[in-house]
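Asks: Mind folding the following:
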Amino acid sequence: MTLEEVLVQKPSERAQCAGQALEEVVAAAKDNDSLTVGVYECAKVMNLDPDSVSFCVLATDEEFECDIALQIHFTLIQSFCFDNDISIVRVSDMQRLAELVGGKTQQLEDAHCVLITSPADGSWEDPSLEKLHLFCEESRRLNDWVPEISLPER
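Replies: The predicted structure is shown next:
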């Protein structure tokens, strides 16, 4: 998908397309061992090797909306992503994201932050990741710095 194709889409189509792309990217990154899950684990990776981070996903749900500590972590992660030119999105269904990154059998306590990293040799590229970068770029043009997308239902 080119930037021109993204520009002519309606906002709801863009968000739906981005949700499908995110699901595909997470599955591919999981297969390539390129996922980091958890606020603290993600902060460690960002601190040690920010150049390896390709994409950041922040997830919350109603249960954690009033968690002040989590919101502070989100603010710091967002700031770091902006400073290091890392694309970032929010999803409102943490349980669905936890299923994607951990599978139905593995219960993840902290799927509030997920990083998609790329190997140092640059051997892993994904067209869906490019779609997400285009989506984020267009959202920033519309002054939506951390766009929220919906993950497809299962």
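
Asks: Which of the helices or strands spans C136?
Replies: helix 127-141 (DSSP states H and E).

Asks: can you pull the buried residues of that helix?
Replies: S128, L129, K131, L132, L134, F135, C136, E138, S139 (16 or more other Cβ atoms under 10 Å). Just so you know, the C-beta spots here come from the backbone N, C-alpha and C atoms, and that holds for glycine as well.

Asks: May I have the beta-bridge partners of the closest residue in space to M94 that isn't next to it in sequence?
Replies: With Cβ to Cβ, 6 or more residues apart in numbering as the criterion, M94 has its nearest non-adjacent residue at 4.1 Å, and that residue is A59. Taking DSSP bridges, one finds V91 as the beta-bridge partners of A59.

Asks: Tell me how far A59 lies from V25.
Replies: With distances taken as Cβ to Cβ, to the nearest Å, A59 is found 14 Å from V25.

Asks: which parts of the strand or helix carrying E13 are buried?
Replies: Assessed by DSSP H and E, E13 sits inside helix 11-31. For helix 11-31, the neighbour count (16+ other Cβ under 10 Å) marks 14-15, 17-26, 28-30 as buried.
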